[in-house]
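Trainee: I would like the atomic coordinates for the input below:
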Amino acid sequence: MKLTFIVPHFNDTQSLYKLISEIKKKFSKVNFSILIIDDYSNQDQLILEKLKNIKVDFTILRLNSNLGHQFAISVGLHYLFKLIDSDQKVIMMDCDGEDSPSDALKIFKYSLLSDADFIVAQRFKRSESFIFKFFYFFYKAFFRFLTGHIIDFGNFMLTHKAGLKKILFSRNVFIHVAASVLYSKASIQKIPTSRGVRFFGKSKMNIYSLFLHAINAISVFSTIVLVRIIVFSIMILSIFIILFLIALILKLTDNASQGWFSIFIFITIFAFIFLILNCLILIMSKDKSDNFHFIKDFDIHQYIESIENFKRHD
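Mentor: Predicted structure coming up:
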């Protein structure tokens, strides 16, 4: 059985070398190769000879511009999809050490006994600061409220060709890989893992990046989110109408305090206009094409500057 690792890289070569060395140790009895997607690194260029010294089979896709983490992974998945056999397994993981090779091995072993389309690393413990954890908790809660789904995993996952087929022909995968897996309704098996510690340096994920990450994840479910917001707006509007009728009855029966009725009417009208405008803006801004839009004749080579292959000789 063949296994391929997809590893995005951007200006973190030292960590990449460390990760590949760790993978080689953990997967010494497995026939594996590594697909490195270099997202237009401009400060820390990959040194081919140093990679060759690790003595593993690898391919480097050098992108012709910085496309971002999720898009870079998607380019790698599309490239690999045309090359792999139906029984070949694929593991996506970051190169910084936070996705542990030990957990990758655990996921791989579990996949040998599972028929799930995706086996994902479920994070039950994180290593970031309290503030980041707070906002991350808020992001997950907000995501669940708007979409009705629980997102407790990231890009660290294993799949196969049939699993890839369920997500690759949708534009969602370029926006947010994990959310696209949820949206596709593919079968998912979660394996509890702790988030590892970076090999070198500090995490590039900050509060701003987290907000952008959250918006992208939610946007995958834009149709569902639109419907939920409209329903929620109608519920709030109904409450205001009921309160308005109560206030009107109190006014007509001379039981309302002086000036209170006018203030309440003003607030009710303002809330009504705001909710109506909010719904109209959401409807008008919604992309007319469905999120699960099939990409025809998509050519990933338009994003690739060069492809370098290396086969080890033991």
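Trainee: so where is the stretch 51-200 of the chain shaky, pLDDT-wise?
Mentor: Scanning the stretch 51-200 of the chain for pLDDT under 70 picks out 125-128.
Trainee: which residues sit against the helix or strand where L182 lies?
Mentor: Assigned by DSSP states H and E, L182 belongs to helix 177-183. Helix 177-183 has contacts (C-beta atoms under 8 Å, 6 or more residues apart in numbering) with 70, 73-74, 92, 118, 120, 147, 149, 151, 153-155, 157, 167, 170, 172-173, 188, 216-218, 220-221, 291-292. Using the backbone N, CA and C atoms, a C-beta is placed for each residue, glycine as well.
Trainee: What of stretch 116-136?
Mentor: 98-99, 103, 107, 110-111, 152-154, 156-160, 162-163, 166, 178, 181, 186-197, 203, 205-207, 210-211.
Trainee: Provide a PyMOL selection command restricted to the buried entries of those.
Mentor: To isolate the buried ones among the contacts of stretch 116-136 in PyMOL, judged by 16 or more other C-beta atoms under 10 Å, type:
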select buried, resi 98+99+103+107+111+152+153+154+156+157+158+159+160+163+166+178+181+186+188+189+190+191+193+195+196+210
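Trainee: can you give me the offset of the helix holding L182 from its chain's centre?
Mentor: Relative to its parent chain, helix 177-183 has a centroid offset of 6 Å by C-alpha atoms, centre = their mean, to the nearest Å.
Trainee: How about stretch 140-157?
Mentor: With C-alpha atoms, centre = their mean, you get 9 Å for stretch 140-157.
Trainee: Can you list the buried residues in that stretch?
Mentor: Buried residues in stretch 140-157, counted by 16+ other C-beta under 10 Å: 143, 146-147, 151-157.
Trainee: again, but for stretch 116-127
Mentor: 116-123.
Trainee: Using CSV, list the CA coordinates for that stretch.
Mentor: Included here for stretch 116-127 are C-alpha records, laid out as CSV according to Å, rounded to 0.1, in the frame of the first residue of the first chain:
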residue,chain,number,x,y,z
ALA,A,116,-14.3,6.3,6.4
ASP,A,117,-13.7,8.8,3.6
PHE,A,118,-11.7,11.0,6.0
ILE,A,119,-9.9,10.2,9.2
VAL,A,120,-9.2,13.5,10.9
ALA,A,121,-7.2,14.7,13.9
GLN,A,122,-9.6,16.0,16.5
ARG,A,123,-8.0,18.5,18.7
PHE,A,124,-8.9,18.0,22.4
LYS,A,125,-6.0,20.0,23.7
ARG,A,126,-4.3,23.1,22.3
SER,A,127,-1.0,24.8,23.1
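Trainee: part of a strand, is R123?
Mentor: Yes - per DSSP: H, G, I helix; E, B strand; the rest coil, R123 lies within a strand segment.
Trainee: Okay, and the beta partners of it?
Mentor: When assigned by DSSP bridges, R123 has beta-bridge partners T193.
Trainee: distance of it from G154?
Mentor: 7 Å (C-beta to C-beta, to the nearest Å).
Trainee: Tally up the residues packed near D115, please.
Mentor: 8 (other C-beta atoms under 10 Å).
Trainee: What segments of the protein are strands?
Mentor: Ranges of strands within the chain are 2-9, 31-38, 57-63, 89-92, 118-125, 153-160, 188-194, 304-310, based on DSSP state E.
Trainee: would JSON lines of those strands with distance to F81 be doable?
Mentor: Converted to JSON lines, the strands of the chain look like this (distance: least, C-beta to C-beta, whole Å):
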{"stretch": "strand 2-9", "distance to F81": "11"}
{"stretch": "strand 31-38", "distance to F81": "11"}
{"stretch": "strand 57-63", "distance to F81": "13"}
{"stretch": "strand 89-92", "distance to F81": "9"}
{"stretch": "strand 118-125", "distance to F81": "15"}
{"stretch": "strand 153-160", "distance to F81": "10"}
{"stretch": "strand 188-194", "distance to F81": "19"}
{"stretch": "strand 304-310", "distance to F81": "14"}
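Trainee: Among the ones you listed, which comes closest to D44?
Mentor: Evaluated over these, closeness to D44 peaks at strand 2-9, with 8.7 Å, by C-beta to C-beta.
Trainee: ok, V7 to I241 distance?
Mentor: Relative to I241, and taking C-beta to C-beta, V7 is found at 55 Å.
Trainee: Looking only at neighbour counts, state which of these two leads.
Mentor: Between V7 and I241, counting by other C-beta under 10 Å, V7 is the more crowded of the two (24 against 12).
Trainee: So what sits opposite the more buried one in the bridge?
Mentor: Judged by DSSP bridges, the bridge partners of V7 are I36.
Trainee: which residues touch it?
Mentor: Residues in contact with V7 (C-beta under 8 Å, 6+ apart) are 16, 19-20, 34-37, 92-95.
Trainee: Out of those, give me the one that has the most neighbours.
Mentor: Neighbour max across those (other C-beta under 10 Å) = I37, 28 neighbours.
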